[in-house]
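**Q** Build me a model from this:
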Amino acid sequence: MTISKVSNIISNVALVIGILIVIKIGYDRFSMPGICPISSNGNLMKIGIAMLIVSVVLSFVSDYYKKRNK
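**A** Just a heads-up that it's a prediction; the model follows:
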C-alpha cells in the first residue's frame with residue numbers, strides 16, 4: 001500500500017467522522033435544548049481534525065517521494 005492510498009483512506013475516514021459529528025450536533029441541538037453540542041463532541045472533533053492533518057502531511061510526503069523518484 002502506497003503513502004497516497006493511506007492518505008486517501010485517512011482522509012475518507014475523517015470525512016465520515018465529520019459527517020457523523022454534524023449529524024450528532026444537529027440531533028443534540030434539537031433533542032436537548034440548552035446543551036452545548038460543540039463541547040459534548042469535542043473528542044470526536046479533535047480526532048477528525050488530527051486525521052485530516054495526518055492526511056495532508058502524508059499527501060505532501062507522497063508528492064515529495066514522487067518528485068524525488070523521477
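
**Q** and the lowest-mean-pLDDT helix or strand in the chain, what does it pack onto?
**A** Counting by mean pLDDT, DSSP states H and E, the chain has its least confident helix or strand at helix 37-40, which shows a mean of 76. On a contact count with 3 or more Cβ pairs under 8 Å, 6 or more residues apart in numbering; DSSP states H and E, helix 37-40 meets helix 3-31. Yep, even glycine has a C-beta here, placed from its N, CA and C like the rest.

**Q** Give me the residue ranges of the chain where confidence is low.
**A** Applying pLDDT under 70 to the chain flags residues 1.

**Q** Nearest spatial neighbour of the spatially most central residue of it, chain-adjacent residues omitted?
**A** Among the residues of the chain, the one closest to the centroid is residue 14, at 2.6 Å (Cα atoms, centre = their mean). Using Cβ to Cβ, 6 or more residues apart in numbering and skipping residues adjacent in sequence, the residue nearest residue 14 is residue 51, 3.8 Å away.

**Q** Now do the same contact list for that neighbour.
**A** 10, 11, 13, 14, 17 (Cβ atoms under 8 Å, 6 or more residues apart in numbering).

**Q** ok, 10 Å please
**A** Contact analysis of residue 51 by Cβ atoms under 10 Å, 6 or more residues apart in numbering lists 9, 10, 11, 12, 13, 14, 15, 16, 17, 18.

**Q** and what of residue 10?
**A** Contacts of residue 10 (Cβ under 10 Å, 6+ apart): 50, 51, 52, 53, 54, 55, 56, 57, 58, 59.
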